[in-house]
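S.K.: dropping the sequence and predicted coords here.
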Amino acid sequence: MRKNKKYGKEATKRQDFENMKYSMKRQFAFIFITLITGTLLLCLILNSTLLGTYYINKKQNALVSAYYSINAASSAGDITSEEYDIELKKICDKYNIQVLVVDGESEAVKYSMNDPKIVLKQLLDNIFLGVDEDRLLLSTDNYKMQVIQDYKTQTEYIEMWGMLDNGYLFMLRSALEGIRESVSISNHFLAYVGLIAVLVSVFLVIWVSNRVAKPILELANISERMKHLDFEAKYTGKDKTEIAILGNNINEMSEALEKTISELRTANNELLKDIERKDKVDEMRREFLSNVSHELKTPIALIQGYAEGLKEGINDDEESREFYCDVIMDEASRMNALVKNLLTLNQLEAGNDIVNMERFDVAALVKNYIASADILIRQKEISVRMEEHDPIYVWGDEFRVEEVFMNYFTNAINYARNEKIIDIKMVRTDGKVRISVFNTGSPIPQESLTHLWEKFYKVDQARTREYGGSGIGLSIVKAVMESMNQQYGVINYDNGVEFWFELDMA
């Protein structure tokens, strides 16, 4: 047994691990974190491979724009004006451009930013020595654009040189180290920002996935309880999302299933009763007539005898007449109770009384009945013991189950002796609950145990007649329990007797 329990726990742990492995919350977090990380990595790759090219293209456009500006100013004779100098300086500072304009005939510097000697030498080298075609980026009739490396500083530049419309030579150049440095700084900054973004995203994704997964897990728990026919669980979410709509639909489905199962159980009980009904009807009628005639014989004879005595005036005193009347009334009351119980029993055994299978709290039923019998309990000076129970939901006919418990409890009160203790228990095992009523007193004789459930059988005739019993109560218990296809019985103890019955748990 211990080994089986151990294997059962290990199987449960494996199942929990599998559930965690395929958890929607984990998948949701994994997908979003992967997307965020992948996006950042893609940005870093694109930044590293394409940003330099993009910067060079932008630098080329800036050089061309500066060329057209210088050409227009040179043709108009404004190249040495203060206003144009400020405008051109803004362009050069913005794009880190060096400018040199030289008279082609006299080689006099007409305009320069920074040291003109180095730039002039490079310009003359380009004119007289030519350019490396592999490094040439752009070539037109007026200018050429190339990438060169300074032989002293080993710094790479992008250069644009040629001739203006007025015959001046010009040269524009900008260092590429700034571009590469910008790309490096951009990549480092993106990496730092990306790392922070990933960390923040992890917490946000976990928080969001918990928010999303919580109602789904609640729905999963509700469906698990519904699988075991527990319809008390309801979705309680207040949002208006699709999950809330699903939760409300599950609530409605739960109610519909509970109602349907109740109807099916009722119909099933009726079907089982119909199968046995036909064979028992004739036998029950004969037995009923025989028992009624036997049980009514004594009270009828007593009523007839005392009535004749009154008529003939056997006793003339008031006290005797009152005694005779009390006997007649008492026997008539016994006959009335007997007839009512017989009619109830006959309906149950004949199957004419429909058993309404419904879901109810049997713990509350027992507690309420004991409270209603409090006066009788105190009159008999009996101590009733029962533990407090949470609601215990069962399937059965609530009215008939109360009748069964009433018969057991009434018998316990009437037969309680010695310590006068009644002990009520409710024990749950294997999908059923057993309700038992124990009373201290003398055990039932062994030969009487098999006859207790027969109609009109009385273990102690004198005591039964003393409290007005008819011998039908336990027969009614038998008929009710068999109509619901449930077990019942009695157990003898040294210090008393216990009657019990079982019901299916809901």
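M.R.: Thanks, I have it. Numbers count the residues shown, from 1 in each chain.
S.K.: got the domain ranges for this structure?
M.R.: As assigned by automatic domain parsing, the chain contains the domains 1-227, 270-505.
S.K.: now the strands for the stretch 251-400 of the chain?
M.R.: All strands of the stretch 251-400 of the chain, identified by DSSP state E, counting those that start in this stretch, fall at 358-361, 383-386, 393-396.
S.K.: could you list every helix and strand that the last one packs against?
M.R.: It refers to strand 393-396. Counting contacts by 3 or more Cβ pairs under 8 Å, 6 or more residues apart in numbering; DSSP states H and E, strand 393-396 packs against strand 358-361, helix 362-372, strand 496-505. In short, each C-beta sits where N, CA and C put it, glycine included.
S.K.: neighbouring contacts of stretch 147-161?
M.R.: With contacts defined as Cβ atoms under 8 Å, 6 or more residues apart in numbering, stretch 147-161 is touched by 56, 59-60, 63-64, 67, 122-123, 126-127, 132, 135, 137-138, 143-146, 169-177.
S.K.: ChimeraX command for the buried members of those?
M.R.: In ChimeraX, a selection of the buried entries from those looks like this (16 or more other Cβ atoms under 10 Å):
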select :56,59,60,63,64,67,122,123,126,137,143,144,145,146,169,170,171,172,173,174,175,176
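S.K.: now for whichever strand or helix holds residue 202, which elements pack on it?
M.R.: Using DSSP states H and E, residue 202 maps to helix 177-227. Applying 3+ Cβ pairs under 8 Å, 6+ apart, one finds that helix 177-227 makes contact with helix 24-76, helix 242-312.
S.K.: turn these into a markdown table, including mean pLDDT and distance to residue 330.
M.R.: Shown next, in a markdown table, are the helices and strands packed on helix 177-227 (pLDDT from 0 to 100; distance: least, Cβ to Cβ, whole Å):
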| stretch | mean pLDDT | distance to residue 330 |
| --- | --- | --- |
| helix 24-76 | 78 | 74 |
| helix 242-312 | 74 | 9 |
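S.K.: out of those, which gets nearest to residue 205?
M.R.: Nearest to residue 205 among those is helix 24-76 (4.6 Å), distances taken as Cβ to Cβ.
S.K.: roughly how far out does that closest one sit from the chain middle?
M.R.: A distance of 48 Å separates the centroid of the chain from that of helix 24-76, by Cα atoms, centre = their mean, to the nearest Å.
S.K.: same thing with stretch 404-411?
M.R.: Centre to centre, stretch against its chain (Cα atoms, centre = their mean), the figure for stretch 404-411 is 42 Å.
S.K.: not counting it itself, show me its contacts.
M.R.: Residues from elsewhere that reach stretch 404-411 (Cβ under 8 Å, 6+ apart): 365-366, 369-370, 373, 422, 435, 437, 439, 473-474, 476-477, 480-481, 488, 499, 501.
S.K.: just the buried residues of the residues you listed.
M.R.: For these, buried by 16+ other Cβ under 10 Å: 365-366, 370, 373, 422, 435, 437, 439, 473-474, 476-477, 480-481, 488, 499, 501.
S.K.: isn't there a strand covering residue 457?
M.R.: No - under DSSP: H, G, I helix; E, B strand; the rest coil, residue 457 sits outside any strand and is assigned coil.
S.K.: list the contacts of it.
M.R.: Residue 457 neighbours (Cβ under 8 Å, 6+ apart): 448, 451, 471, 474.
S.K.: okay, the closest residue to residue 487 other than its chain neighbours and residue 224: tell me how far apart.
M.R.: The spatially closest residue to residue 487, leaving aside those adjacent along the chain, is residue 502, at 4.7 Å (Cβ to Cβ, 6 or more residues apart in numbering). From residue 502 across to residue 224, the span is 26 Å (Cβ to Cβ, to the nearest Å).
S.K.: what's the answer for residue 266, then?
M.R.: For residue 266 relative to residue 224 (Cβ to Cβ), the value is 26 Å.
S.K.: got it, and residue 317?
M.R.: 79 Å.
S.K.: of those two, which one has the most company?
M.R.: residue 224 (11 against 8; other Cβ atoms under 10 Å).
S.K.: so how far is residue 247 from the more buried one?
M.R.: In terms of Cβ to Cβ, residue 224 sits 14 Å off from residue 247.
S.K.: got it, and residue 499?
M.R.: Relative to residue 247, and taking Cβ to Cβ, residue 499 is found at 45 Å.
S.K.: then residue 35?
M.R.: For residue 35, the distance to residue 247 - Cβ to Cβ - is 29 Å.
S.K.: who's more crowded, the two?
M.R.: For residue 35 versus residue 247, the count of surrounding residues by other Cβ under 10 Å is larger for residue 247: 21 against 12.
S.K.: excluding covalently adjacent residues, which one is nearest to the more buried one?
M.R.: Nearest non-adjacent residue to residue 247, counting by Cβ to Cβ, 6+ apart: residue 235, 3.1 Å away.
S.K.: re the thing from before, let's see if you can find the most crowded of the contacts of residue 457.
M.R.: Neighbour max across the contacts of residue 457 (other Cβ under 10 Å) = residue 474, 22 neighbours.
S.K.: distance of the residue minimising distance to the centre of the chain relative to residue 100?
M.R.: Centroid-nearest residue in the chain, with Cα atoms, centre = their mean: residue 218, separated by 1.4 Å. Distance of residue 218 to residue 100, given as Cβ to Cβ: 76 Å.
S.K.: show me what counts as buried in stretch 248-267.
M.R.: Using 16+ other Cβ under 10 Å as the test for burial, stretch 248-267 gives 250-251, 254, 258, 261-262, 265-266.
S.K.: as JSON lines, the residues you listed with distance to residue 323 would be great.
M.R.: Below are the buried residues of stretch 248-267 laid out as JSON lines (distance: Cβ to Cβ, whole Å):
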{"residue": "250", "distance to residue 323": "70"}
{"residue": "251", "distance to residue 323": "67"}
{"residue": "254", "distance to residue 323": "64"}
{"residue": "258", "distance to residue 323": "58"}
{"residue": "261", "distance to residue 323": "58"}
{"residue": "262", "distance to residue 323": "54"}
{"residue": "265", "distance to residue 323": "53"}
{"residue": "266", "distance to residue 323": "51"}
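S.K.: save the domains of the chain as CSV, and put in distance to residue 241 too.
M.R.: Output for the domains of the chain, formatted as CSV (distance: least, Cβ to Cβ, whole Å):
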stretch, distance to residue 241
domain 1-227, 8
domain 270-505, 31
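S.K.: would you single out the least confident of those?
M.R.: Lowest mean pLDDT of the domains of the chain: domain 1-227, a mean of 72.
S.K.: re the thing from before, tell me the pLDDT at the residue nearest to the residue nearest to the centre of the chain when sequence neighbours are not counted?
M.R.: Spatially, and ignoring its direct neighbours in sequence, residue 218 is nearest to residue 235 (6.4 Å; Cβ to Cβ, 6+ apart). Among the per-residue scores, residue 235 shows a pLDDT of 74.
S.K.: pretty sure residue 235 contacts residue 248?
M.R.: Yes - look at residue 235 against residue 248 with Cβ atoms under 8 Å: they come within range, at 6.8 Å.
S.K.: starting at the chain centroid, how far to stretch 247-266?
M.R.: On the basis of Cα atoms, centre = their mean, stretch 247-266 is displaced by 18 Å from the centre of the chain it belongs to.
S.K.: hmm, I was thinking of stretch 310-330
M.R.: On the basis of Cα atoms, centre = their mean, stretch 310-330 sits 74 Å off its chain's mean C-alpha point.
S.K.: got the angle for whichever strand or helix holds residue 480 vs strand 496-505?
M.R.: Assigned by DSSP H and E, residue 480 falls within helix 473-483. If you take axes from the mean of the first three to the mean of the last three Cα atoms, to 10 degrees, helix 473-483 sits at 20 degrees to strand 496-505.
S.K.: ok, residue 323 - how many residues close by?
M.R.: Around residue 323 there are 13 residues (other Cβ under 10 Å).
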